[in-house]
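> have a look at this fold, sequence not included:
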């Protein structure tokens, strides 16, 4: 199976991915952040590096999806290829930080990839408000994230909501403002109960 965690920057995707991988014995696939050669440059000069960064992510994510499709393991993925193409790249384009030419090129490449990519067996979306996201970004203290603009996060949030509203696959939504799954065992169990019912229930 292919399980995926979706959500804005700082919503808790990596934490939930780790916890669910441990709980179910799933194989985790984490977003390539620490070794990303473009992130520092991107946050320092978004218009200059937006296309390079998004192509990097698209390539990595597509490679992951191909490997997941070939695997016999149940894999849980931190962020999906759909988020890159439906949320992050369009948000940069809409903010004037990616040119029409680059965005058209990017979109054409993604559409070609889509012929080989299907929906995850289950998508878990962590819905988190901007104040909570900002607090969590500050808490984790990544140097390159200190210059993230609020309007950038707000644009991402709205695109996430629009995407989820029309999402056609199997979906669970977690309230990231009210659910403290990292430190509250009951909150985490609420999530796993939903997963159990969705994936393993008698009538699922």
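Cool, the structure landed. Every value quoted in this text rests on a predicted model; they were computed, and no experiment measured them.

> so is the residue nearest to residue 136 when sequence neighbours are not counted in a helix, a strand, or just coil?
Nearest residue to residue 136 in three dimensions, chain neighbours excluded: residue 10, at 4.2 Å (CB to CB, 6 or more residues apart in numbering). (Glycine included, C-beta is placed from N, CA and C.) When the structure is split into helix, strand and coil by DSSP: H, G, I helix; E, B strand; the rest coil, residue 10 lands in coil.

> shouldn't residue 10 be in contact with residue 141?
No: counting by CB atoms under 8 Å, residue 141 is not a contact partner of residue 10; they are 11.3 Å apart.

> pick out whichever of those two has more residues nearby.
residue 10 (24 against 8; other CB atoms under 10 Å).

> now do the biggest helix by length in the chain, average pLDDT.
If you go by DSSP state H, the chain has its longest helix at helix 46-70. Across helix 46-70, the average pLDDT comes to 92.

> can you check stretch 178-195 too?
What stretch 178-195 shows for mean pLDDT is 96.

> now do the buried residues in that stretch.
Neighbour-count burial for stretch 178-195, counted by 16 or more other CB atoms under 10 Å, picks out 179, 181, 188, 191, 194-195.

> and for stretch 80-97?
Neighbour-count burial for stretch 80-97 flags 80-93, 97 (criterion: 16+ other CB under 10 Å).

> closest one of those to residue 166?
Proximity of those to residue 166 was ranked by CB to CB; the top entry is residue 86 with 9.6 Å.

> list the contacts of the closest one.
With CB atoms under 8 Å, 6 or more residues apart in numbering as the criterion, the residues that contact residue 86 are 159, 163.

> how much space between it and residue 119?
In this structure, residue 86 lies at 12 Å from residue 119, with CB to CB, to the nearest Å as the measure.
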